[in-house]
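**Student:** Sequence below, structure please.
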Amino acid sequence: MRRRKNKHYEQNVVIPSILKIQSQYRGYVARRNLATLKNEWFQASRIQGAYRCFVAMRLAKELFRLHMLKMKGKSCTEIQRAFRGWYWRRYAYQKKASEAARRLYASRIIMRGWIRYRDGRRYRAIKEAWEVEQSAETLMDLDEERAEILEDLDDIELDIQARERSMRRVNRRIKEILYFNEQVALRLPKVEWEVDHPGPKDIQQGWYEAFQDEFERLHNQSRMAREEMRLCKVKNRMLQSELDMLWLEREDVQIDLDGIGLAEHQEFELLRRVELRGADRRKDEEWAKRVRLEKNKWKVDDVRKAVIRKKRVDLDEIAHDLKEKRSQDFVSTVSFWKRHDHKKAEKDMLKRTVREKRKEAAEAVEKLGIKNEAIRHTFDAVISGTLDVIKNGSLDGRSGKKDFREDPKAMCRICGRVYCTCDQEKTPTETYYHAVPGAR
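**Tutor:** I've put the predicted structure just below:
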């Protein structure tokens, strides 16, 4: 009786008190940690704000300095442009030499091409380095995310194992309760019969009180077992719901892991494409360099075009016609840019006229060839005259074909193959060429 009271007191008073004290203490510890984290976050935010303000001010000063340099450079450029314009106008008025203007334009074109080529190479190198750096940073971030996801996955697996162990314990306890209820159901009718039909000997020896005490204990234990069964089922359902949530979380984490793998694959593919693009560009640059050196060696822009120009008299005629059609403004102008634009328009007109004449020549050839009406009518007449012969033709008019299977010299009688060496590899009983005596 005392043990039951102690057990009841421990389950109903001591354990709930312990749980209450633990919950209060854990709440206090969690609130204290949260307050510490908030304080640290606030201090870090203040430090970061001050640092970012300092960085922004420094960046603003740098941008203002660059802007001032740009404005000074622009002013210097405007001054230089005005001075150079005045200078070359005076030079043009004094010398009246178009050769100087042509050389100046050629120099500017060469310098512009060289600067564009040099800056393009620098930009491509910087861009490739930036792309590789960005890909490396992305891969590092993905690797960190992978490590975090793997840690989360391990934690989820541990939680799942803990829940499964708890479910096994609960199920084992349910089985024990069911077995106890079966035993109680078997024992209770016997005890009840003994209580309802006591004998004098049972009353004298104390069996009647023992049976009554056992009957009461069985009823109490049965009710407690039913309550414990309900608690176990509730706990089982809670554990099952937690397992379902953990399984879903594990699937989500695995999906995130697959996404990280796909992102890493894409980043590696991007790096590979960058390498291939760089290799293709270097190959093209090497080929262009070889062509440029070859052109410089021959002192012409293109050997093929130079040879064609020597044989194309019509180009000179078209250029002469365009030169004769020049307007009075072009002849009387002293502006280098107007003269340059007019010459550029003449070159475009020359190319357009050449294309039109080439097209007219191709149309003339087609009229004499595939579009010639006389040839087309003659071909149609020949086909119409031989159409009956073609339709009435049959297999009898074709040449016959020889079948190897009907030729004993070509077809082997042993293995059934064409031109085999059975008579050389093994001793046959009979071939087309000879019969082996004594083989049978």
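**Student:** and the helix or strand hosting residue 221, what other elements does it pack with?
**Tutor:** Residue 221 belongs to helix 207-298 when assigned by DSSP states H and E. The helices and strands touching helix 207-298, judged by 3 or more Cβ pairs under 8 Å, 6 or more residues apart in numbering; DSSP states H and E, are helix 98-196, helix 200-205. For glycine as for every other residue, the C-beta is placed from the backbone atoms N, C-alpha and C.
**Student:** pLDDT score for residue 402?
**Tutor:** As summarised for this prediction, residue 402 has a pLDDT of 62.
**Student:** And residue 159, by the same measure?
**Tutor:** In this model, residue 159 carries a pLDDT of 90.
**Student:** and the residue nearest to it when sequence neighbours are not counted, how many neighbours does it have?
**Tutor:** Computed as Cβ to Cβ, 6 or more residues apart in numbering, the closest residue to residue 159 that is not its neighbour in sequence is residue 246, at 5.5 Å. Each residue near residue 246 was counted by other Cβ atoms under 10 Å, and the total is 19.
**Student:** Report the contact partners of residue 246.
**Tutor:** Listed by Cβ atoms under 8 Å, 6 or more residues apart in numbering, the contact set of residue 246 reads 156, 159-160, 163.
**Student:** Give me the distance between the residue of the chain positioned farthest from its centre and residue 239.
**Tutor:** Residue farthest from the centre of the chain, counting by Cα atoms, centre = their mean, is residue 200 at 93.8 Å. As judged by Cβ to Cβ, to the nearest Å, residue 200 and residue 239 stand 55 Å apart.
**Student:** Downstream of the host helix or strand of residue 367, the next helix or strand is which one?
**Tutor:** Using DSSP H and E, residue 367 falls within helix 336-368. As assigned by DSSP H and E, the chain's next helix or strand after helix 336-368 is helix 373-385.
**Student:** tell me the angle the helix holding residue 221 makes with helix 98-196.
**Tutor:** Counting by axes from the mean of the first three to the mean of the last three Cα atoms, to 10 degrees, helix 207-298 lies at 170 degrees to helix 98-196.
**Student:** what distance separates helix 207-298 from the centre of its chain?
**Tutor:** The chain centroid and the centroid of helix 207-298 are separated by 20 Å under Cα atoms, centre = their mean, to the nearest Å.
**Student:** pLDDT of that helix, averaged?
**Tutor:** The model assigns helix 207-298 a mean pLDDT of 86.
**Student:** so where's the stretch 1-150 of the chain uncertain?
**Tutor:** Scanning the stretch 1-150 of the chain for pLDDT under 70 picks out 1, 97, 100.
**Student:** Where does pLDDT dip in the stretch 301-440 of the chain?
**Tutor:** Confidence mapping of the stretch 301-440 of the chain against pLDDT under 70 gives the ranges 301-313, 328-336, 370, 387, 389-440.
**Student:** What separation do you get for the residue nearest to residue 159 and residue 152?
**Tutor:** 11 Å.
**Student:** The residue nearest to residue 159 and residue 205: what is the separation?
**Tutor:** 59 Å.
**Student:** Taking the centroid of this structure, which residue is nearest it?
**Tutor:** Note: the chain centre (Cα atoms, centre = their mean) maps to residue 266, 3.4 Å.
**Student:** give the contact list for that one.
**Tutor:** Not one residue lies near residue 266 by Cβ under 8 Å, 6+ apart.
**Student:** cool, and residue 259?
**Tutor:** Contacts for residue 259 were tallied using Cβ under 8 Å, 6+ apart; there are none.
**Student:** Ok, residue 233 next?
**Tutor:** residue 174.
**Student:** The strand or helix carrying residue 45 - contacts with which helices or strands?
**Tutor:** Assigning secondary structure by DSSP H and E places residue 45 in helix 15-95. For helix 15-95, the packing partners by 3+ Cβ pairs under 8 Å, 6+ apart come out as helix 98-196.
**Student:** could you check the angle helix 336-368 makes with the helix it packs on?
**Tutor:** 80 degrees.
**Student:** Show me what helix 98-196 packs onto, helices and strands only.
**Tutor:** helix 15-95, helix 207-298, helix 336-368.
**Student:** Just the buried residues of the shortest one, please?
**Tutor:** Taking 16 or more other Cβ atoms under 10 Å as the basis for neighbour counts, the residues of helix 336-368 that come out buried are 336, 339, 342, 346, 353.
**Student:** Any chance of TSV for these, columns distance to residue 323?
**Tutor:** Listed next are these as TSV, based on distance: Cβ to Cβ, whole Å:
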residue	distance to residue 323
336	19
339	13
342	11
346	8
353	13
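**Student:** wait, which of those is closest to residue 255?
**Tutor:** residue 353 (66.2 Å; Cβ to Cβ).
**Student:** Skipping adjacent residues, who's closest to that closest one in space?
**Tutor:** Residue 353 sits nearest to residue 318 (Cβ to Cβ, 6+ apart), 5.3 Å away.
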